[in-house]
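Asker: Could you look at this predicted model? Sequence included:
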Amino acid sequence: MTRGVAGADPNGAAKGGTDSGVLGPGGPPDGRPSDGHLPNSPQLSCRSPRFQLDGRLLDGRAVRLRIEGGRITAVDPLDARPALPLLLPGLVDLQVNGYAGYDINADDVSADTVMELTRALVTRGVTSYCPTVVTASRERILATLRIVAEARARSPLVAQTVVGVHVEGPYLAPADGPRGAHDARHLRDPDPDELTQWLAAAPGLVRIVTLAPERTGAVDYIRTATRAGVVVAVGHTDASPEQIRAAVLAGARLSTHLGNGTHTVLPRHPNHVWAQLAEDALTATFIADGHHLPADAFVAMVRAKGPGRAVLVSDSVALAGCPPGEYRTPVGGTVTVDPSGRLRLTGTRLLAGSGRSLLDCVHWAAKETSFTLAEVWAMASAAPARSLGLTGRGCVEVGARADLCVAEQQETADAQVRLLSTLVGGEELA
């Protein structure tokens, strides 16, 4: 992995230089921003834990948010006025392998890596996320879990934003296609004893485990994990519809990046994609980066699930934003970055993760499909928070965390928004 891009913003995100309607304690009566607002400061968004934000929500309502102690204490209506910024819930990403040169699965990953990765994600509007640990040896997975736990203990920002770890593997289908970029040498059958070790290494942190339900022992493992409070996801699978249904009956509740991590050609029917779409108990995640799914397939799958059971994830990797070329990575070996930004295993067309942030995925889905920006943003905020039972995240309402994106909507046809600032627990961090 090339480390020279560490800390860079690969998307060139512009940061706002306006006051964006942030008010100081109590705020001036006419809604003008207080002098205490520092739009580009990594410090508090004002000089007091009590402040106000004026803006408009995606449904068009003009509001004043009152914030105290890192939470929204009131959402008051305002008369509409020009130039109010958008006030959006912070993005919630359930699948982050890396970003901007920082790699959760690198051999040299450290707590500092996790802290820098977190700061890089916040600049792209992500206020809650799951670092994703992929297929590796038993020792490697345990070591990475301990490192994430250490980062949360050392950094208040990481403690607020890392809502759990997503362990993708090692219990995946071995065939090319379903296996994706996962290391075949370390694939194995589900082992409840290994789960116990994970839970001990990072108490309360293992939130999602992705597995292939056709593997020996999968159903019993799903029951054990569910009882332990872990959300089990179906993914990287070649399962039959019957095996999908058995996984759901045992407690599986997610489909990981549905439509990917499978064979390039499937039987017309039956197949595991139809089976997962048909299961109302499964919320499906999708990588809407323009490479993993064509727009028509994405739209059809989201409509089949319903927007409330459709979640956008980035599945971003450390190569996100790197120039075209071949790179050696801890996951997948040699990976080619195409001029289009597509990441693929060198010499194949198999994808090797995503080179886009979750905000980029929101932009692509809003531009290339019939879904509105409000619908797409909800798939990247409210829906993922709900899928993990994260109350008070992914929403703008009384009692919710003040995890917010302050933005302006571009006067273009592609529905993009420009971030002006990101607040985590009421602190302006980007």
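Answerer: Nice, I can see it.
Asker: what comes up buried for the helix or strand hosting residue 420?
Answerer: Using DSSP states H and E, residue 420 falls within strand 417-424. For strand 417-424, a neighbour-count test (16 or more other Cβ atoms under 10 Å) marks 417, 419-424 as buried. For glycine as for every other residue, the C-beta is placed from the backbone atoms N, C-alpha and C.
Asker: what's the most distant pair in those residues?
Answerer: Using Cβ to Cβ, the buried residues of strand 417-424 span at most 18.0 Å, a distance reached by 417 and 424.
Asker: Pretty sure residue 386 sits against residue 392.
Answerer: No: under the criterion of Cβ atoms under 8 Å, residue 386 is not in contact with residue 392, lying 11.4 Å apart.
Asker: ok, the two, which is more surrounded?
Answerer: residue 386 (19 against 14; other Cβ atoms under 10 Å).
Asker: all helices of the stretch 301-430 of the chain, in order?
Answerer: 358-368, 373-379, 382-387 (DSSP state H, counting those that start in this stretch).
Asker: wait, which of these is closest to residue 53?
Answerer: helix 373-379 (17.3 Å).
Asker: send the alpha carbons of the closest one over as PDB?
Answerer: This file holds the C-alpha atoms of helix 373-379, laid out as PDB (Å, rounded to 0.1, in the frame of the first residue of the first chain):
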ATOM      1  CA  LEU A 373     -31.400  13.800  -2.700                       C
ATOM      2  CA  ALA A 374     -33.600  13.500   0.400                       C
ATOM      3  CA  GLU A 375     -34.300   9.800  -0.300                       C
ATOM      4  CA  VAL A 376     -30.700   9.000  -1.000                       C
ATOM      5  CA  TRP A 377     -29.400  10.900   2.000                       C
ATOM      6  CA  ALA A 378     -31.700   8.900   4.200                       C
ATOM      7  CA  MET A 379     -30.300   5.700   2.800                       C
END
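Asker: How about that helix, which residues are buried there?
Answerer: 373, 375-379.
Asker: And for stretch 304-312?
Answerer: 304-305, 307, 309-312.
Asker: Show me the contact partners of it.
Answerer: By Cβ atoms under 8 Å, 6 or more residues apart in numbering, the residues outside stretch 304-312 that reach it are 94, 277-278, 280, 282-288, 301-302, 358, 361-362, 365, 371, 375-376, 378-380, 383-384, 386-387.
Asker: filter these to the buried ones?
Answerer: 94, 277, 282-288, 301-302, 358, 361-362, 365, 371, 375-376, 378-380, 383-384, 386-387.
Asker: isn't residue 239 right up against residue 213?
Answerer: Yes: applying Cβ under 8 Å, one finds residue 239 in contact with residue 213, separated by 5.0 Å.
Asker: Pull up the overlap in contacts between those two.
Answerer: Taking Cβ under 8 Å, 6+ apart as the criterion, residue 239 and residue 213 both touch residue 247.
Asker: Could you check which of those two has the larger neighbour count?
Answerer: More neighbours surround residue 213 than the other of residue 239 and residue 213, with 27 against 23 (other Cβ under 10 Å).
Asker: Now that one. Nearest residue, chain neighbours left out?
Answerer: residue 247 (3.7 Å; Cβ to Cβ, 6 or more residues apart in numbering).
Asker: Which residues outside the helix or strand encompassing that neighbour are in contact with it?
Answerer: Taking DSSP H and E as the criterion, the element that holds residue 247 is helix 241-250. Here helix 241-250 makes contact (Cβ under 8 Å, 6+ apart) with 213-214, 218-220, 222-223, 226, 232, 234, 239, 270-272, 274-276, 279, 281-282.
Asker: Can you list the buried residues in it?
Answerer: Neighbour count says helix 241-250 has 241, 243-248, 250 buried, by 16+ other Cβ under 10 Å.
Asker: Check stretch 246-265 too.
Answerer: 246-248, 250-262.
Asker: With stretch 310-323 instead?
Answerer: Quick answer for stretch 310-323 (16+ other Cβ under 10 Å): 310-322.
Asker: Pull the distance from it to the chain's centre.
Answerer: 9 Å (Cα atoms, centre = their mean, to the nearest Å).
Asker: gap between the two ends of that stretch?
Answerer: Criterion Cα to Cα, to the nearest Å; first-to-last residue distance in stretch 310-323 is 31 Å.
Asker: what's the answer for stretch 92-102, then?
Answerer: 18 Å.
Asker: Can you get me a residue count around residue 145?
Answerer: Residue 145: 23 neighbours (other Cβ under 10 Å).
Asker: gap between it and residue 97?
Answerer: Distance, residue 145 to residue 97, by Cβ to Cβ, to the nearest Å: 15 Å.
Asker: And for residue 338?
Answerer: Relative to residue 97, and taking Cβ to Cβ, residue 338 is found at 18 Å.
Asker: same deal with residue 209?
Answerer: Distance from residue 209 to residue 97, by Cβ to Cβ: 15 Å.
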